[in-house]
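Visitor: Give me a 3D structure for the following:
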Amino acid sequence: MTKNNIKIYFAGSIRGGREYVPIYHKVISFLSSYGEVLTEHVGDQNLSSYGEKNITDEEIYNRDMNWLKSSDLVVADVSVHSTGVGYEIGQAESMGKKILCLYHKDAPQKNSGMIVGNRNINLIVYNDIDDLIEKIKNYFNNEE
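Guide: As a prediction, the model looks like this:
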C-alpha cells in the first residue's frame, strides 16, 4: 500500500454507542494522510447513536457495501461492541480485504474471540490516542 493512493473504510460504532467518537475523529483525520477515508461521517461528533437521519437503512446498507467493496483497507475500532462493525469486518474478510482492528485496552467489554483469534486480522491494542497513532504509523511503515 502506497501512501496517499489507498481507499480506507473506517468502521466504528454508531448505533451501538458513541463513547469513542473523539478517538474515531482523530484516527480518521490521521488516516487521511495515507489515503481517502470513505467513511469520514463515522467520526462526526454531531452524529448521535440514532445514526443518520436523512437516509434509509437500505440506503445506508447499499452505500456502505459499495464503499466497502471499493476500499483497499478496512480499519475498525472494536472497543464498543457493534453488530454493524462486526458485519462489516466479516464482509471485508470474505472480500479478501486487509483488516486492521483497533481495541482500547480499558474498553468496558472484553474483545471478541472472533477478532483476537482471527489470523486474517491485524489487531492493535492501544492505551490512548497518542499510543494508537504511533502504532498505526508502525502498521503502515511495515506494509510499505
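Visitor: Let me see the backbone angles for residue 105.
Guide: Main-chain dihedrals, residue 105, degrees, to the nearest 10: phi -60, psi -20.
Visitor: Run through the residues that contact it.
Guide: 125, 126, 127 (Cβ atoms under 8 Å, 6 or more residues apart in numbering). In this view, the C-beta of every residue, glycine as well, is placed from N, C-alpha and C.
Visitor: Pull up the gap between it and residue 79, please.
Guide: In this view, residue 105 and residue 79 are 9 Å apart by Cβ to Cβ, to the nearest Å.
Visitor: Tell me the buried residues within the contacts of residue 105.
Guide: Neighbour counting with 16 or more other Cβ atoms under 10 Å marks 125, 126 as buried within the contacts of residue 105.
Visitor: ok, of the contacts of residue 105, which one's closest to residue 45?
Guide: Closest approach to residue 45 among these (Cβ to Cβ): residue 126, at 19.9 Å.
Visitor: Correct me if wrong: that closest one contacts residue 103.
Guide: Yes. Between residue 126 and residue 103 there is a contact at 7.2 Å, judged by Cβ atoms under 8 Å.
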